[in-house]
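Trainee: here are the coordinates; sequence isn't available:
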């Protein structure tokens, strides 16, 4: 190769290198300039989130049910000197209970041993006392704290499943979980403040550096319809009833039938929201809105209302099939006590809680009409109550219903509903025929204004005439039915017992039942509608001997609370 060609190749080589260099400079300075600028800024800036004050939850009388107390997020910053050898054990003892100290120590040791971590989280929700203990360890600038809210429950575990708690979400951030805390997370949490500040190579803020700030916006307060005195009373009597009747679980819900306002809602077993981590997760769920069951005989009032409202039967209609078991397809349906009442009226069928009579009514009503009223009473959809954990079973498709299903459903078996759905439906009869949405929160309160929730009437289900007729039937059922021995003299009370066998392995277990009682008082102008449920009481399988006594005991207290005088007392 001649000298000329070598010179040309060398020149082309340098030209190629220059072209590549120019392209790379163009790429880094122009094409990727914006991205690199942002990256450089994030490497030079420390982002600090300033937690907003979480809103409080107040009862109807402005008593505080949930508030905040001082708490901190603690973290370590690695320095030139190593951490003390026993630091993990010491911190674990401070931030954990004796039961989970070993777990906390192992997790903390793993983070400290990871030399790639310059910024090492210790724990969230550190109390003031724990913070002081850590500060006394002499760690100096290696130990840092950020203020963050921690929930305080002045009434301890009262209404825990209704209120919910604060825990880590899937992203590891503190967030409302279950109940009101979960449903109103956005309103309660507010908006955190953001502080952008220059930092040094050790990830520490430069005091004299540039900084930017977005102001925090504190959360809003919630004022409930919940009556604190009633809630305390309901929980006390429910706990005693579980002990007396040997029930596995139970719940009581009290609602204003005209507005849907939840006045009290109690369920056991419960938990302490301040120590929720020490309880099984299934206790977090509010069974009134999250667990479904076969309603049993309390459902008979809705079948009766549908048949009367549609004109399928009249109060004076005589059951000509009530002299013995009802044959449906290849099955025979008996009465609950194997007693039969020939030529019963509609009221007598309800008083006797007659399954055979209800099959007669269901046949008169017909499957299409039954399904229409089933839907209109709200049994196919969530009630839309303002609690996060409401969950209802998927309704059976219309095409899948059979006449055998109609027969069993007429007296409350073969399908499941929630307690909240039952209570909403009972309020239809109590208030004159309208389906009203249940509501826990009465107002959302900010420093500037109060936003009150208006009563939400979904639609009319039955006529006022039908509602009055069924109410009088329920009055007679409460006065003359199997639970008549626990009635309250001087008051007209509308109610109905319900005893439903528990399905186990696809079959009904004879020894296991769910007992319930639903009703309202005074019957002519109700102050409340109330549902009591007891799961598998061991003292007696019958609601008339378990759920009914508890219901009437609470009813007397509620009548006194609302200053309702007995008839003839004036």
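Mentor: In hand now; what should we look at? None of these values were measured; they are calculated from a predicted model.
Trainee: which parts of the helix or strand hosting residue 89 are buried?
Mentor: Taking DSSP states H and E as the criterion, residue 89 maps to helix 87-95. For helix 87-95, the neighbour count (16 or more other CB atoms under 10 Å) marks 87-88, 91-92, 94-95 as buried. All C-beta atoms are positioned from the backbone trio N, CA, C, and that covers glycine.
Trainee: how far out from the middle of the chain is it?
Mentor: 35 Å (CA atoms, centre = their mean, to the nearest Å).
Trainee: tell me which other helices or strands it touches.
Mentor: helix 101-113, strand 119-127, helix 128-135 (3 or more CB pairs under 8 Å, 6 or more residues apart in numbering; DSSP states H and E).
Trainee: let's see it at 6 Å
Mentor: The contact analysis (3 or more CB pairs under 6 Å, 6 or more residues apart in numbering; DSSP states H and E) places helix 87-95 against helix 101-113.
Trainee: relative to residue 122, how far out is the nearest residue to residue 90 once chain neighbours are set aside?
Mentor: When the adjacent residues along the chain are set aside, residue 90 lies closest to residue 137, with 6.6 Å between them (CB to CB, 6 or more residues apart in numbering). Remark: distance between residue 137 and residue 122 (CB to CB, to the nearest Å) = 11 Å.
Trainee: please identify which of these two sits among more neighbours.
Mentor: residue 122 (25 against 14; other CB atoms under 10 Å).
Trainee: which ones are touching the more buried one?
Mentor: Residue 122 makes contacts with 74-75, 91, as judged by CB atoms under 6 Å, 6 or more residues apart in numbering.
Trainee: quick check: the residue nearest to it when sequence neighbours are not counted vs residue 365, distance?
Mentor: Leaving out its chain neighbours, the residue that sits closest to residue 122 by CB to CB, 6+ apart is residue 74, at 4.0 Å. Per CB to CB, residue 74 is found 65 Å from residue 365.
Trainee: about what we covered before: what helix or strand is the residue nearest to residue 90 located in?
Mentor: Per DSSP H and E, there is no helix or strand for residue 137.
Trainee: same deal with residue 166?
Mentor: For residue 166, the host element (DSSP H and E) is strand 165-168.
Trainee: and that strand, what does it pack against?
Mentor: strand 174-177.
Trainee: in the strand it packs on, what counts as buried?
Mentor: Within strand 174-177, the residues scored as buried using 16+ other CB under 10 Å are 174-177.
Trainee: contact partners for residue 224?
Mentor: 59, 440-441.
Trainee: which one of these has the most neighbours?
Mentor: residue 440 (26 neighbours).
Trainee: please tell me I have it right and it contacts residue 384.
Mentor: No - when contacts are counted by CB atoms under 6 Å, residue 440 is not listed as touching residue 384 (11.5 Å).
Trainee: any chance of TSV for the contacts of residue 122, columns distance to residue 456?
Mentor: Shown next, in TSV, are the contacts of residue 122 (distance: CB to CB, whole Å):
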residue	distance to residue 456
74	45
75	46
91	50
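Trainee: out of these, who's nearest residue 415?
Mentor: residue 74 (51.9 Å; CB to CB).
Trainee: now name the helix or strand holding that closest one.
Mentor: Assigned by DSSP H and E, residue 74 belongs to strand 64-77.
Trainee: quick one: low-confidence ranges for the stretch 1-150 of the chain?
Mentor: 1-11, 13-14, 18-19, 21-50, 99 (pLDDT under 70).
Trainee: same thing with the stretch 151-300 of the chain?
Mentor: Short version for the stretch 151-300 of the chain, where the test is pLDDT under 70: 194-214.
Trainee: need the strands for it, in chain order.
Mentor: Using DSSP state E, counting those that start in this stretch, the strands of the stretch 151-300 of the chain run over residues 165-168, 174-177, 193-198, 211-214, 221-224, 249-255, 262-268, 292-293.
Trainee: quick one on the thing from earlier: reformat the buried residues of helix 87-95 as JSON lines; add distance to residue 358.
Mentor: As requested, the buried residues of helix 87-95 are arranged in JSON lines below (distance: CB to CB, whole Å):
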{"residue": "87", "distance to residue 358": "70"}
{"residue": "88", "distance to residue 358": "67"}
{"residue": "91", "distance to residue 358": "65"}
{"residue": "92", "distance to residue 358": "62"}
{"residue": "94", "distance to residue 358": "63"}
{"residue": "95", "distance to residue 358": "59"}
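Trainee: just the closest of these to residue 280, please.
Mentor: Closest to residue 280 out of those is residue 95 (22.6 Å), distances taken as CB to CB.
Trainee: nearest spatial neighbour of the closest one, chain-adjacent residues omitted?
Mentor: residue 123 is the one closest to residue 95 (CB to CB, 6+ apart), at 4.4 Å.
Trainee: buried stuff in stretch 124-133?
Mentor: Using 16+ other CB under 10 Å as the test for burial, stretch 124-133 gives 124-126, 130-131, 133.
Trainee: could I get these as a markdown table with distance to residue 486?
Mentor: Formatted as a markdown table, those follow (distance: CB to CB, whole Å):
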| residue | distance to residue 486 |
| --- | --- |
| 124 | 50 |
| 125 | 47 |
| 126 | 52 |
| 130 | 51 |
| 131 | 55 |
| 133 | 55 |
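Trainee: nearest to residue 305, of those residues?
Mentor: Closest approach between the buried residues of stretch 124-133 and residue 305, by CB to CB: residue 125, at 50.2 Å.
Trainee: for the closest one, list the residues it contacts.
Mentor: Neighbouring residues of residue 125 by CB under 6 Å, 6+ apart: 71, 150.
Trainee: next one: it from residue 160, what distance?
Mentor: In terms of CB to CB, residue 125 sits 18 Å off from residue 160.
Trainee: ditto for residue 393
Mentor: Note on residue 393: its distance to residue 160, by CB to CB, is 24 Å.
Trainee: between the two, who's got more neighbours?
Mentor: Counted by other CB under 10 Å, residue 393 and residue 160 do not tie: residue 160 has more neighbours, with 26 against 15.
Trainee: right, and the more buried one touches residue 273 too?
Mentor: Yes - counting by CB under 6 Å, residue 273 is a contact partner of residue 160 at 5.0 Å.
Trainee: name the SS class of residue 393, please.
Mentor: Three-state call for residue 393 (DSSP: H, G, I helix; E, B strand; the rest coil): coil.
Trainee: how much space between it and residue 381?
Mentor: Following CB to CB, the distance that separates residue 393 from residue 381 is 11 Å.
Trainee: can you check residue 144 too?
Mentor: Distance from residue 144 to residue 381, by CB to CB: 50 Å.
Trainee: over to residue 367?
Mentor: From residue 367 to residue 381 the distance is 20 Å (CB to CB).
Trainee: the more surrounded of those two?
Mentor: Comparing residue 367 with residue 381 by other CB under 10 Å, the one with more neighbours is residue 367, at 17 against 11.
Trainee: in space, what's closest to that one - neighbours in sequence excluded?
Mentor: Using CB to CB, 6+ apart, the nearest residue to residue 367 is residue 406, at 4.9 Å.
Trainee: each with direction, which strands does the strand holding residue 166 pair with?
Mentor: When sheet partners are counted by DSSP bridges, strand 165-168 sits next to strand 174-177 (antiparallel).
Trainee: about what we covered before: show me what the residue nearest to residue 95 is bridged to.
Mentor: residue 74.
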